[in-house]
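Peer 1: output the structure for:
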Amino acid sequence: DQTGMEFFNPSNAFDAEGAATTSHWTPSLLELFPTELITAPLRTESLHVDLNRRLHREKATIAIPRCDRSLRYHDPEVDAHPLRSYLAIPMIHRDEIVGALIGGSFGRDGERELDPLDVQALEHLVGTATQAILRIRAQRSLARSQALERGQRELLAMVAQARELPEVLEGLTNFVGRMGTDLRSAIWLLEEGQPVPTAGALDAFPARPHAVEACARTCGPVVSLDDAPCWAWPILDRASDALGVVAVRPVEPRSPRPEERELMETAARIAALASEHRAMASRLTHQAHHDALTALPNRVLLEDRLTQALAQARRNEQQVALLFIDLDGFKGVNDTLGHPAGDALPKLVAQRLASGVRGSDTLARMGGDEFAVVLQEVRDTPSAARVAEKLLDSLRLAFQVEGRDLRISASIGVAFFPEDGLDAE
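Peer 2: As a prediction, the model looks like this:
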């Protein structure tokens, strides 16, 4: 007030990326402003951008004691008065520009203009303003770090609780939206090498954004600033293979700030952890219910399938047949040709047996040289006997194992529901 200067909206302080948060300059002002301040082609808000570049380069005050009297500051309260002087003072901390104090004097002819004493007085006050900005930055950084840590804990808890993957990924995109108020995010997971929309604000993105495809292909971050701005960050497994893409769309086209890059990296890491956790759970479940050698259902899964088949047969008043298959002479193969041949033979037997049953039936390996088949919707006893005979015939053909023709025989026992038993036991 003592200098007679009027200062612009404090929101005009520059951020570390070099962009002003708002601009009150009219296009006519951009055209008339002294050309020595312009270092890039004129465009909307170019004055602030160019000033910022010059402040970062020179780290010195920019003072214009006398401006073209036709210049106007875009504010209804002062628009009637010409801009007489212009001043931009950098706020410097540890050789870094953390902001700028921008002001100007307005008045009619004859009123005072900016002089060196004004500049010195304001430069002295900038130190206090700089410390205030640093305190605000520190407070915001702390609050952001706490929110980021809290969000990570919540999402990791969901993963540890074995929540469904879509639920975890939906929570993850909501977390990104909370951390960036002008950001909308979505996740694409790869299926057969192609990104498939999975969770988040998918309606905010084109059907398949170019940035998402490029990110999945290159396994690296991609920033697209076209008509559909999109930032894409790869979701990578421990081998650095792509699992999917975290995509973020800002309201206005712009590049991500450092803290937003950190946010996307965090989101991608949690998405990878959730995806790998689901894959590991699926593998463990499969291993717990399937034979490791033949990949057929094991005894545990057979009992479950048999129980389901019996329940369905009760409802529909149908028969179920259980075939128990025992290979003859299998131990001799192990003793004569060794364990490699002993491992190859059950696989070949499994393939032969699978070709002789329907897709609705269950073929299982009970262990060693024992297999079992659950036949559903059996019409009568002779039909089950025909299936058993077909299986025996297939096993009588020679097996090629390590360049040798091996012949084995088998025996099959058959039990029927409800004639021979009412439950799986």
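
Peer 1: going by C-alpha atoms from here, please, whenever you check contacts or count neighbours.
Peer 2: Noted.

Peer 1: now tell me what touches stretch 312-326 from outside.
Peer 2: Residues from elsewhere that reach stretch 312-326, judged by Cα atoms under 8 Å, 6 or more residues apart in numbering: 309-310, 369-380, 384, 388, 410-418.

Peer 1: now do the same end-to-end measure for stretch 186-206.
Peer 2: The straight-line separation of the ends of stretch 186-206 (Cα to Cα, to the nearest Å) is 11 Å.

Peer 1: for the record, mean pLDDT for that stretch?
Peer 2: Averaged over stretch 186-206, pLDDT sits at 88.

Peer 1: among the contacts of stretch 312-326, which ones are buried?
Peer 2: For the contacts of stretch 312-326, burial is judged from neighbour counts taken by 16 or more other Cα atoms under 10 Å, and it is met by 309-310, 369-378, 384, 388, 410, 412, 414-418.

Peer 1: from residue 338, how far off is the spatially closest residue to residue 252 that is not a sequence neighbour?
Peer 2: Distances taken as Cα to Cα, 6 or more residues apart in numbering put residue 229 closest to residue 252, at 7.5 Å, once the chain neighbours are dropped. For residue 229, the distance to residue 338 equals 63 Å [Cα to Cα].

Peer 1: ok, residue 267 next?
Peer 2: From residue 267 across to residue 338, the span is 51 Å (Cα to Cα).

Peer 1: re earlier: who has more neighbours out of residue 229 and residue 338?
Peer 2: residue 229 (20 against 12; other Cα atoms under 10 Å).

Peer 1: ok, the more buried one touching residue 255?
Peer 2: No: counting by Cα atoms under 8 Å, residue 229 sits too far from residue 255 to count as a contact (9.0 Å).

Peer 1: now the common contact residues for the two.
Peer 2: Shared contacts of residue 229 and residue 255, counting by Cα under 8 Å, 6+ apart, come down to residue 223.

Peer 1: which parts of this protein are helices?
Peer 2: 27-32, 46-58, 116-160, 165-179, 210-218, 258-289, 299-316, 330-337, 339-354, 381-396 (DSSP state H).

Peer 1: how about those helices, which one is nearest residue 422?
Peer 2: helix 299-316 (7.9 Å; Cα to Cα).

Peer 1: distance from the chain centre to that closest one, please.
Peer 2: With Cα atoms, centre = their mean, to the nearest Å as the basis, helix 299-316 stands 40 Å off its chain's centre.

Peer 1: repeat that for stretch 238-246.
Peer 2: Mean C-alpha position of stretch 238-246 versus that of the full chain (Cα atoms, centre = their mean) differs by 9 Å.

Peer 1: please apply the same query to stretch 411-420.
Peer 2: 52 Å.

Peer 1: low-scoring stretches of the stretch 51-200 of the chain, by residue?
Peer 2: Counting by pLDDT under 70, the ranges of the stretch 51-200 of the chain that qualify are 51-52, 63-86, 103-115.

Peer 1: residue contacts, the spatially closest residue to residue 169 that is not a sequence neighbour?
Peer 2: The shortest distance from residue 169 to any non-neighbouring residue, by Cα to Cα, 6+ apart, is to residue 199 (6.0 Å). Listed by Cα under 8 Å, 6+ apart, the contact partners of residue 199 are 166, 169-170, 173, 186-188.

Peer 1: one more time with 6 Å
Peer 2: 170, 186-187 (Cα atoms under 6 Å, 6 or more residues apart in numbering).

Peer 1: beta partners for it?
Peer 2: Taking DSSP bridges as the rule, residue 199 bridges to residue 187.

Peer 1: quick check: phi and psi on residue 356?
Peer 2: Note on residue 356: its backbone torsions stand at phi -100, psi 0 [degrees, to the nearest 10].

Peer 1: that one: how many residues sit nearby?
Peer 2: Count around residue 356 with other Cα under 10 Å applied: 16.

Peer 1: also residue 201?
Peer 2: Count around residue 201 with other Cα under 10 Å applied: 19.

Peer 1: what's the local residue count around the residue nearest to it when sequence neighbours are not counted?
Peer 2: Nearest non-adjacent residue to residue 201, counting by Cα to Cα, 6+ apart: residue 186, 5.3 Å away. Residue 186 has 26 neighbouring residues, counting by other Cα under 10 Å.

Peer 1: also residue 301?
Peer 2: Count around residue 301 with other Cα under 10 Å applied: 18.

Peer 1: and the residue nearest the centre of the chain, what pLDDT?
Peer 2: By Cα atoms, centre = their mean, the mean C-alpha position of the chain lies nearest to residue 246, the distance being 3.4 Å. In the predicted model, residue 246 carries a pLDDT score of 94.

Peer 1: and if you look at residue 37?
Peer 2: For residue 37, the pLDDT comes out at 38.

Peer 1: the closest residue to residue 341 other than its chain neighbours pairs with what?
Peer 2: In space, not counting the residues next to it along the chain, residue 341 is nearest to residue 401; the distance is 6.3 Å by Cα to Cα, 6+ apart. Using DSSP bridges, the bridge partners assigned to residue 401 are residue 404.

Peer 1: ok, residue 401 to residue 93 distance?
Peer 2: 77 Å.

Peer 1: and for residue 319?
Peer 2: Counting by Cα to Cα, the gap from residue 319 to residue 93 is 84 Å.

Peer 1: roughly how far does residue 396 sit from residue 403?
Peer 2: Distance from residue 396 to residue 403, by Cα to Cα: 18 Å.

Peer 1: what does residue 192 give?
Peer 2: For residue 192 relative to residue 403 (Cα to Cα), the value is 36 Å.

Peer 1: residue 158 too?
Peer 2: Taken as Cα to Cα, the span from residue 158 to residue 403 is 53 Å.

Peer 1: the more surrounded of the two?
Peer 2: When residue 158 and residue 403 are compared for neighbours, residue 158 comes out ahead with 18 against 7, by other Cα under 10 Å.

Peer 1: what is the neighbour count of the residue nearest to the more buried one when sequence neighbours are not counted?
Peer 2: Closest residue to residue 158 apart from its sequence neighbours, by Cα to Cα, 6+ apart: residue 168 at 6.4 Å. Neighbour count for residue 168, taken as other Cα under 10 Å: 23.

Peer 1: what sits against residue 170?
Peer 2: Taking Cα under 6 Å, 6+ apart as the criterion, residue 170 is in contact with 199-200.
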